[in-house]
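Participant: the sequence and its predicted three-dimensional model are supplied below.
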Amino acid sequence: RNCKRLCSRMKAKTVEIRWHWKELCEPVFSIDHHPTKSRIVTAGQDNACKIWDYNKADDGFYTFTFVSCLARDQTPVNSARFIPPGDMIASAHDGGVVILWFRDTNPRKDTHLCHDDQEHNQENWSVCRMFRGIADVYDLSPTPNGRFIVTASIDCTVNVWELATGKSTEIFRQHSHYVQGVHCDPLGVFFASQSADRTVSVVADISRVLKDGKPQRQKAHFVHQSAICRASGDAGSRLFRDETVNAFFRRLSWSPDGLFLLTVCGQYREKQQTADEPDSGVTQEKAPRKRPTTKSLTPPPAPKGKQLAPVPPAVAPSTTTPADPPAAPANKESSTSSTTTTEAATPMQQDGVSTPTRPTTPTPAPPAVSTAEPTNSKPQRPPREPVTFSNCSYVFLRGAWKKPFLALPLPGLVEENPNEAVLGSKWSPKFYKPKTATKVTPSPWNISEYRMLVAVYTTTALYLYDTSEEHPIAMVENLHPLAITDVAWSPDGYSIIASSKDGYVSVVMLDKADIGEAFDLTTDQLPASLQRLVEVKKKGAEDMAAEYARVNDFLEKKRKEAPATPMVKKRVAANPPAEKEKPVPVVTEKPAAPTPASDFAFDEE
């Protein structure tokens, strides 16, 4: 295992247990962490979601134990997410089905089993609602107030579902290809989706957007706001790569303060040496692989209400545009023999005496050809400078969608590593205290009151960025033989859990000595910007409590209509074929019921 460590105390390990097992170890497509507890949920190709608890082991890593298997539809599960405060789970399936699961304290069991591991469940999770669409659902994201679920499908649509009623309130068709990722703003105003059509779409809830100090509408109403495709002022430059990228998901993410939107599958232009530039004549050796550097683009003005420090000198991107396809070759017939002339016959010379020859018909002289360029012909286009691209991820400032705020390029060019595109990202839920260094270098992120961490992953590598640094502070490579599909942060902000197509999950442990100490939003003295964010969270907790009350009313009505029934196993043939023994998940004591957490609600300023 090749692990390049820029944090000296960082360590990584692959947990080799059978997370999702059918006949072989099936891919794990999604992973998410509980908002407050030491619990994760995974989704895989074995048509099930599974809940796991973990504890700290003696070696410093985690020991995972099986809790429950959630299976209802016989289709692979592409994504599963906890809905704050964590008593419900939403899962996205092939076939256009989205299932809402809730923790059922009643002894009533489901009337049938769809997965063998359900016989070993330690907790009872039941189906609350089923949302049915048309095409496969690749990704989903719940809104912070727990009222809506936003889903991304391969029919080029983005759907907004209301949990309490089970209805689709909005359908957006701005994309022209598979929608492979969606994520909701932690302040509850925007959500963004990214598609294989090389665009990012941003939608706003205008009932949460204030105008003249008042909301524009009383009821929730989502309106498409912007489509990000090309760099502003450069019509020939596309920001994102096309469908040739070997990516099943494009999971973009918002920062916990809602200030930054980090998009994936980007391409950054790199200017190369042209023929006009002098050559030194010295053969240079191949440069070693360098650490990727954050490219600071010209930032737009900050939105109102956000006080930022002075912008450091920005690294201007190259102004070249991608080279056009080569022009068609000129017609050979039209470029030759049109100006060819025939010489007149001359007397033959024999022994110095002129001998007359047979007279021939004189050939007329060719018409005069003007060397001046015709007035109606188009001037020839000068050759463009060669341009290459680097894989990167783009960061957009909240409310300024016309131009990227930052570019986070990866080492190597697109032509050299076409499969090393950025596939996803995930921000740490914690805010970290600023570093107390004697010499502090200016950060292109332009934040000084607190720090944030974000994990960006490719097919084979995981990079960790700090908003106070220009370079990534850590990089882990070759954790899995197949592509990484998703990552999740622990609530304390000091560990990352990654899933992969090879069917296993890895854990990356970070140390406080390397990362720094995180803010405690309840006891620490916070900067002004974080104090305001805490107030917004408290205000949003009231909306979450109201939405949970609506869902609980529906569940109580459902319990009265459906009396308790005993568990019935699925039907088995009279002479079933011999099956191989399958491992039984580790069973632990039943954990206590989760308590609602009100500090994970958000609202708009």
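Facilitator: Great, that's in hand.

Participant: helices along the protein, start to end?
Facilitator: 332-335, 512-515, 528-561 (DSSP state H).

Participant: by mean pLDDT, show me the worst of these.
Facilitator: The weakest mean pLDDT among the helices of the chain belongs to helix 332-335, with a mean of 40.

Participant: can you pull the contacts of the nearest residue to residue 177 once chain neighbours are set aside?
Facilitator: Of all residues not flanking residue 177 in the chain, residue 197 sits nearest, at 3.7 Å (Cβ to Cβ, 6 or more residues apart in numbering). To be clear about C-beta, it is placed using only N, CA and C from the backbone, and glycine gets the same treatment. By Cβ atoms under 8 Å, 6 or more residues apart in numbering, the residues touching residue 197 are 156, 175, 176, 177, 243.

Participant: which of the residues you listed count as buried?
Facilitator: Among the contacts of residue 197, those classed as buried by 16 or more other Cβ atoms under 10 Å are 156, 175.

Participant: need the contacts of residue 197 in JSON lines (columns: pLDDT).
Facilitator: Listed next are those as JSON lines, based on pLDDT from 0 to 100:
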{"residue": "156", "pLDDT": "94"}
{"residue": "175", "pLDDT": "94"}
{"residue": "176", "pLDDT": "92"}
{"residue": "177", "pLDDT": "93"}
{"residue": "243", "pLDDT": "88"}
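
Participant: which of the contacts of residue 197 sits closest to residue 449?
Facilitator: Residue 449 lies nearest to residue 175 out of the contacts of residue 197, by Cβ to Cβ, at 36.6 Å.

Participant: so how far is residue 115 from that closest one?
Facilitator: 33 Å (Cβ to Cβ, to the nearest Å).

Participant: go on, residue 165?
Facilitator: On the measure of Cβ to Cβ, residue 165 and residue 115 end up 29 Å apart.

Participant: more neighbours, those two?
Facilitator: residue 115 (20 against 11; other Cβ atoms under 10 Å).

Participant: once you drop chain neighbours, what's closest to the more buried one?
Facilitator: Nearest to residue 115 is residue 71, by Cβ to Cβ, 6+ apart, at 3.8 Å.

Participant: residues in contact with that neighbour?
Facilitator: 47, 48, 49, 113, 114, 115, 117, 118.

Participant: ok, now residue 251?
Facilitator: With Cβ under 8 Å, 6+ apart, residue 251 has these contacts: 139, 180, 181, 183, 264, 423, 424, 425, 426, 486.

Participant: low-confidence bits of the stretch 101-250 of the chain, can you list those?
Facilitator: Low-confidence segments of the stretch 101-250 of the chain (pLDDT under 70): 107-112, 208-220, 232-236.

Participant: what do you get for the stretch 451-600 of the chain?
Facilitator: 539-600.

Participant: quick one: the strands in it?
Facilitator: Remark: strands assigned in the stretch 451-600 of the chain by DSSP state E, counting those that start in this stretch are 453-457, 461-466, 474-477, 484-489, 495-500, 505-509.

Participant: about what we covered before: look up how far residue 37 lies from the residue nearest to residue 177.
Facilitator: 38 Å.

Participant: how about residue 104?
Facilitator: 18 Å.

Participant: swap in residue 260?
Facilitator: 27 Å.

Participant: next: residue 410.
Facilitator: For residue 410 relative to residue 37 (Cβ to Cβ), the value is 34 Å.

Participant: next: residue 405.
Facilitator: On the measure of Cβ to Cβ, residue 405 and residue 37 end up 34 Å apart.

Participant: coming back round to it: adding distance to residue 29, write the contacts of residue 71 out as CSV.
Facilitator: As requested, these are exported to CSV (distance: Cβ to Cβ, whole Å):
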residue, distance to residue 29
47, 11
48, 11
49, 10
113, 22
114, 18
115, 16
117, 17
118, 19
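
Participant: pull the most distant pair out of those residues.
Facilitator: Most distant of these, by Cβ to Cβ, are 49 and 113, 14.6 Å apart.

Participant: picking up where we left off before, could I get the contacts of residue 251 as JSON lines with distance to residue 503 and neighbour count?
Facilitator: JSON lines is the format used below for these (distance: Cβ to Cβ, whole Å; neighbours: other Cβ atoms under 10 Å):
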{"residue": "139", "distance to residue 503": "20", "neighbour count": "28"}
{"residue": "180", "distance to residue 503": "21", "neighbour count": "28"}
{"residue": "181", "distance to residue 503": "22", "neighbour count": "26"}
{"residue": "183", "distance to residue 503": "25", "neighbour count": "25"}
{"residue": "264", "distance to residue 503": "23", "neighbour count": "29"}
{"residue": "423", "distance to residue 503": "17", "neighbour count": "26"}
{"residue": "424", "distance to residue 503": "18", "neighbour count": "27"}
{"residue": "425", "distance to residue 503": "23", "neighbour count": "25"}
{"residue": "426", "distance to residue 503": "20", "neighbour count": "25"}
{"residue": "486", "distance to residue 503": "13", "neighbour count": "25"}
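
Participant: from these, pick the one nearest residue 468.
Facilitator: Distance to residue 468 across the contacts of residue 251 (Cβ to Cβ) is lowest for residue 425, with 17.8 Å.

Participant: pretty sure that closest one sits against residue 264.
Facilitator: Yes: using Cβ atoms under 8 Å, residue 425 makes contact with residue 264 at a distance of 6.0 Å.

Participant: common neighbours of the two, please.
Facilitator: Joint contacts of residue 425 and residue 264 (Cβ under 8 Å, 6+ apart) are 251, 252, 393, 456.

Participant: which among those count as buried?
Facilitator: The buried subset of the shared contacts of residue 425 and residue 264 - by 16+ other Cβ under 10 Å - is 251, 252, 393, 456.

Participant: got JSON lines for these, with distance to residue 60 too?
Facilitator: Shown next, in JSON lines, are these (distance: Cβ to Cβ, whole Å):
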{"residue": "251", "distance to residue 60": "28"}
{"residue": "252", "distance to residue 60": "32"}
{"residue": "393", "distance to residue 60": "30"}
{"residue": "456", "distance to residue 60": "24"}
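
Participant: neighbour count: residue 410 and residue 37, which is higher?
Facilitator: Under the criterion of other Cβ under 10 Å, the comparison of residue 410 against residue 37 puts residue 410 first, with 23 against 18.

Participant: I'd guessed the more buried one sits against residue 457; true?
Facilitator: No: contact between residue 410 and residue 457 fails when scored by Cβ under 8 Å: they sit 10.7 Å apart.

Participant: need the residues touching each of these two.
Facilitator: 422, 463.

Participant: longest strand anywhere in the protein?
Facilitator: In the chain, with assignment by DSSP state E, the single longest strand is strand 387-397.

Participant: what's that one packed up against?
Facilitator: Judged by 3 or more Cβ pairs under 8 Å, 6 or more residues apart in numbering; DSSP states H and E, the packing partners of strand 387-397 are strand 260-262, strand 266-271, strand 406-413.

Participant: and the residue nearest to residue 493 when sequence neighbours are not counted, how far from residue 142?
Facilitator: Of all residues not flanking residue 493 in the chain, residue 430 sits nearest, at 3.2 Å (Cβ to Cβ, 6+ apart). Separation of residue 430 from residue 142 (Cβ to Cβ) stands at 20 Å.

Participant: strand 461-466 and the longest strand of the chain, what's the angle between them?
Facilitator: Strand 387-397 runs at 50 degrees relative to strand 461-466, counting by axes from the mean of the first three to the mean of the last three Cα atoms, to 10 degrees.

Participant: any idea of the mean pLDDT in strand 387-397?
Facilitator: 86.

Participant: so which bits of it are buried?
Facilitator: 387, 388, 389, 390, 391, 392, 393, 394, 395, 396, 397.

Participant: now do residue 605, the pLDDT please.
Facilitator: 40.

Participant: let me fix that: residue 74
Facilitator: Residue 74 is assigned 84 on the pLDDT scale.

Participant: ok, residue 601 next?
Facilitator: For residue 601, pLDDT reads 38.
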